[in-house]
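Chemist: Curious how this folds, go ahead:
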Amino acid sequence: MRLLAKYGLVEDAGGGNGRDRPWKARGWSFDVSGDLSPSVRAAAGVLLADLVERGNRWERDFVLHRDRLPEDWSEAAHIANKRLSLSPSEAQELGERIDALCDEYRDGPPAAGAEDVAVLVRIIPHRVRRR
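Modeler: Residues are numbered from 1 along each chain as shown. Below you'll find the predicted structure:
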C-alpha cells in the first residue's frame with residue numbers, strides 16, 4: 001500500500017496503525033499507460049491483477065448467492081461476455097464511452113433505492129494468453 005501511496009493511487013485514511021491502517025483510493029480511476037519505469041510498471045501489474053481478482057470474487061459471490069437478493073436486484077443485475085472485432089483506437093473509444101456513462105451515474109444525484117454496484121469493465125485482446 002505504501003508503494004501505491006508513493007504514486008498517488010491511495011492515501012492513509014487515518015486511524016489504525018501497522019497492518020491495521022486503513023487506506024482509501026485517491027480517485028475513481030487511474031491510468032497505467034505511457035512511459036513507465038520498470039518498477040512502476042511492476043507495481044501497476046500487481047494492482048491490476050488484484051483488481052481483476054477482486055472483480056472475479058464479486059462476480060462469483062453474486063452468481064452463488066443471487067437468490068439472497070431482492071427480486072428487483074436479481075433481475076436488474078447484468079453479466080455478459082461479448083466478443084467484438086475492434087481496432088486499438090475503437091477499443092480505447094469504447095472504454096472512454098463506458099467511463100463517461102458511468103461518470104454520469106456517479107456524478108448525478110442517486111435515485112431512490114440506489115445501492116452501490118460493481119461495474120466491471122474489461123476490454124482486452126482475446127489473443128493474450130499466459131506464456
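
Chemist: CA atoms for contacts and neighbours, from now on please.
Modeler: Fine.

Chemist: those strands in this protein, which residues are they?
Modeler: Using DSSP state E, the strands of the chain run over 10-12, 23-25.

Chemist: which stretch in the ones you listed has the least confidence?
Modeler: Among the strands of the chain, strand 23-25 carries the lowest mean pLDDT, at a mean of 69.

Chemist: same for the biggest helix by length in the chain, what does it pack against?
Modeler: Ranked by number of residues, the top helix in the chain under DSSP state H is helix 38-65. Applying 3 or more CA pairs under 8 Å, 6 or more residues apart in numbering; DSSP states H and E, we find helix 38-65 packed against no helix or strand.

Chemist: Give me the buried positions along that helix.
Modeler: Of the residues in helix 38-65, 43-44, 47, 55, 62 count as buried by neighbour count, 16 or more other CA atoms under 10 Å.

Chemist: can you redo the residues you listed as JSON lines with pLDDT and distance to Gly108?
Modeler: Below are the buried residues of helix 38-65 laid out as JSON lines (pLDDT from 0 to 100; distance: CA to CA, whole Å):
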{"residue": "Ala43", "pLDDT": "81", "distance to Gly108": "33"}
{"residue": "Ala44", "pLDDT": "80", "distance to Gly108": "30"}
{"residue": "Leu47", "pLDDT": "81", "distance to Gly108": "28"}
{"residue": "Gly55", "pLDDT": "89", "distance to Gly108": "24"}
{"residue": "Phe62", "pLDDT": "93", "distance to Gly108": "26"}
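
Chemist: Output these in a markdown table, with distance to Pro22 appended to each entry.
Modeler: Shown next, in a markdown table, are the buried residues of helix 38-65 (distance: CA to CA, whole Å):
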| residue | distance to Pro22 |
| --- | --- |
| Ala43 | 19 |
| Ala44 | 20 |
| Leu47 | 17 |
| Gly55 | 21 |
| Phe62 | 26 |
